[in-house]
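missing the sequence, but the structure's below:
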């Protein structure tokens, strides 16, 4: 989702009590952050975070499947299926979003520091 529709922290339809809605139109620093988010490097950071999470989850799942191989239930639907899928999707979405926002803020801070020093 982040690859197709880059995250813009200053655009939403909900209530805005802190005045951050459309801040990128009023503030130069916010505009620079949105420009960083709209680069190919952002998409690379999204894919890197997603692949890293996939590798971690694959290793953890493989270890659990090996340890509990005799007691696993291989039915496609169980009472925990929807809870597991929903929680897994939410966790993955939050993990990727936090990693990508951290990348964008650290990149923005590095560029901001270089511009203020030079």
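Ah, there it is. All values reported here derive from a predicted model rather than from experimental measurement.

Run a quick neighbour tally on residue 73.
Using other C-beta atoms under 10 Å, residue 73 has 7 neighbouring residues. Quick note: C-beta positions are derived from backbone N, CA and C, even for glycine.

Regarding the residue of the chain positioned farthest from its centre, what is its secondary structure?
Residue distances from the centre of the chain (C-alpha atoms, centre = their mean) peak at residue 70, which lies 35.2 Å from the mean C-alpha position. For residue 70, the secondary structure call by DSSP: H, G, I helix; E, B strand; the rest coil comes out as coil.

any idea how far it is from residue 80?
According to C-beta to C-beta, to the nearest Å, residue 70 and residue 80 sit 19 Å apart.

can I assume residue 53 is in contact with residue 93?
No. Counting by C-beta atoms under 8 Å, residue 53 does not reach residue 93; the two are 10.3 Å apart.

Between the two, point out the one with more neighbours.
Counted by other C-beta under 10 Å, residue 53 and residue 93 do not tie: residue 53 has more neighbours, with 15 against 12.
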